[in-house]
Structures are given as C-alpha cells and as structure tokens.
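Enquirer: here you go, sequence then predicted model.
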Amino acid sequence: MRRHNTPSGGVPTISGTAGDVDAVMDSGEYVQRGVVESSDRLLTPGEVASLFRVDPKTVTRWAAAGRIGSIRTPGGHRRFRESEVRALLSGDEAGFPEESQATSH
C-alpha cells in the first residue's frame, strides 16, 4: 500500500488493493469529512448491532433518526465511532431510545 501526501498538508490519498483499504479503516486512520482520531476505530452497522443485540437495520435506523452518530464512507456505507458506541453501552444505554414495539394485551 502506498500513501500519497498532498502538497498542502491535506489528507493523504491511498492507493492499493481493497484489502489495503480495509486495513487502513481497521487501523482507525480512515478519514471522512474531518479527522477521526487514530485511536477511535470505526465499526460497521453489523458490529454495532452485535454489541446492542439488535438487527443491523435497527442500527441504520437509529443513525438516520440521529440517535447515534455515524460517518459515511465514500461508497455511502455508514461507520460508527467505537468510542461513541462504547459510551452508549457503558452508561448512556439506559437513556438510549428504543424502537417502539407493538404489544398485545
């Protein structure tokens, strides 16, 4: 994988295989509309869903409703900051809005 630095000191571009791009995303160095801290890993909707024990579509709906922050990849996929997800799980989960479920009486 080769990184190409921009002359103005902007965000470097990356060339290489899809596996190389995945490695960069997994390392926490992926940048989309701003800087993501190198220690803040990005999670897929499926990974977030596993942590909350819900369907990945539920996580996507939460993001669309603004209940959880997300980042869009250049391909349009959502990614979630691990630190934000962990914060929700560790203490704020009680205040996290659940999807309404129909119940019969």
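Expert: Arrived safely, thanks for sending. Residues are numbered from 1 along each chain as shown.

Enquirer: rest of the way, CA atoms for contacts and neighbours
Expert: Will do.

Enquirer: so which helix or strand of this protein has the lowest pLDDT on average?
Expert: Across the helices and strands of the chain, mean pLDDT, DSSP states H and E gives its lowest value to strand 13-15, namely a mean of 44.

Enquirer: run through who's touching the strand or helix carrying residue 87.
Expert: Per DSSP states H and E: residue 87 is located in helix 82-90. By CA atoms under 8 Å, 6 or more residues apart in numbering, the surrounding residues in contact with helix 82-90 are 40, 41, 42, 43, 48, 52, 68, 69, 93, 96.

Enquirer: and those, which are buried?
Expert: Those of the contacts of helix 82-90 that meet the buried threshold are 40, 41, 42, 43, 48, 52, 68, by 16 or more other CA atoms under 10 Å.

Enquirer: for the residue lying closest to residue 46 once chain neighbours are set aside, the count of nearby residues, please.
Expert: Once flanking residues are discounted, residue 46 sits nearest to residue 56: 5.0 Å by CA to CA, 6 or more residues apart in numbering. The tally of other residues near residue 56 (other CA atoms under 10 Å) stands at 17.

Enquirer: mind listing what's buried along stretch 54-61?
Expert: For stretch 54-61, by 16+ other CA under 10 Å, it's 56, 58, 59, 60.

Enquirer: C-alpha coordinates for it, PDB please?
Expert: Extracted C-alpha coordinates of stretch 54-61, given in PDB (Å, rounded to 0.1, in the frame of the first residue of the first chain):
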ATOM      1  CA  VAL A  54     -30.300  -5.800  17.600                       C
ATOM      2  CA  ASP A  55     -30.600  -6.200  13.800                       C
ATOM      3  CA  PRO A  56     -28.100  -4.100  11.700                       C
ATOM      4  CA  LYS A  57     -31.100  -2.400  10.100                       C
ATOM      5  CA  THR A  58     -32.100  -1.100  13.500                       C
ATOM      6  CA  VAL A  59     -28.700   0.500  13.900                       C
ATOM      7  CA  THR A  60     -29.100   2.100  10.500                       C
ATOM      8  CA  ARG A  61     -32.500   3.400  11.500                       C
END
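
Enquirer: who's in contact with residue 65?
Expert: Contacts of residue 65 (CA under 8 Å, 6+ apart): none.

Enquirer: can you give me the neighbour number for the residue nearest to residue 78 when sequence neighbours are not counted?
Expert: Closest residue to residue 78 apart from its sequence neighbours, by CA to CA, 6+ apart: residue 72 at 4.7 Å. The number of residues packed around residue 72, counting by other CA under 10 Å, is 13.
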